[in-house]
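Engineer: Let me see the structure of the following:
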Amino acid sequence: MNDDCSAFDGEVELRPTIGLTRGLPKPDLESLVVDALIEHRALSAQADRLFHDLPEEIRSGRSAGGAEHLKYIKAMLAMHCQMSALSSLLSILGYIPAVAKN
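Structural biologist: Numbering: from 1, shown residues only. Coordinates of the predicted model:
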């Protein structure tokens with residue numbers, strides 16, 4: 001395995017990502033990043049749909065709570081958690097690869 005990440009000095013949100021990807025060939029790392037970008041798009045679109053389905057009083061912040069609001073919050077949390085992983089992978093890869101439009 002190639003140990004080229006040992007001198008890594010970039011900013012990474014999730015430090016375990018360095019160890020998990022250490023030694024991966026660039027095409028494999030890029031494949032992980034492309035998959036993470038596609039997943040992020042899907043999670044973002046889902047959260048956006050859920051937000052627009054919320055009643056106006058919740059969307060505007062005048063009210064909070066309930067099953068629909070919790071579903072939206074869970075979707076946003078999933079999107080932000082996945083974004084941390086994506087950001088780390090992008091930092092390690094060093095560039096944003098091209099991703100086909102859906």
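
Engineer: okay, CA-based contacts and neighbour counts for the rest of this
Structural biologist: Will do.

Engineer: The spatially most central residue of the chain - nearest residue in space that isn't next to it in sequence?
Structural biologist: Most central in the chain under C-alpha atoms, centre = their mean is M83, positioned 2.3 Å from the mean C-alpha point. Leaving out its chain neighbours, the residue that sits closest to M83 by C-alpha to C-alpha, 6 or more residues apart in numbering is H40, at 6.7 Å.

Engineer: hey, where'd the helices end up in this structure?
Structural biologist: 16-21, 26-53, 56-59, 67-93 (DSSP state H).

Engineer: Redo those as JSON lines? Include mean pLDDT.
Structural biologist: Formatted as JSON lines, these follow (pLDDT from 0 to 100):
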{"stretch": "helix 16-21", "mean pLDDT": "92"}
{"stretch": "helix 26-53", "mean pLDDT": "97"}
{"stretch": "helix 56-59", "mean pLDDT": "95"}
{"stretch": "helix 67-93", "mean pLDDT": "95"}
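
Engineer: wait, which of the ones you listed is closest to A100?
Structural biologist: Nearest to A100 among those is helix 26-53 (8.9 Å), distances taken as C-alpha to C-alpha.

Engineer: Off-centre distance for the closest one?
Structural biologist: 6 Å (C-alpha atoms, centre = their mean, to the nearest Å).

Engineer: what does stretch 24-31 give?
Structural biologist: Centre-to-centre, stretch 24-31 and its host chain are 17 Å apart (C-alpha atoms, centre = their mean).

Engineer: Output that stretch in CSV with nothing but the alpha carbons.
Structural biologist: Extracted in CSV, the C-alpha atoms of stretch 24-31 (Å, rounded to 0.1, in the frame of the first residue of the first chain):
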residue,chain,number,x,y,z
LEU,A,24,-6.4,3.5,-2.2
PRO,A,25,-5.6,4.1,-5.9
LYS,A,26,-6.7,7.5,-7.1
PRO,A,27,-9.5,6.0,-9.3
ASP,A,28,-11.0,4.1,-6.3
LEU,A,29,-10.9,7.3,-4.2
GLU,A,30,-12.5,9.2,-7.0
SER,A,31,-15.2,6.6,-7.2
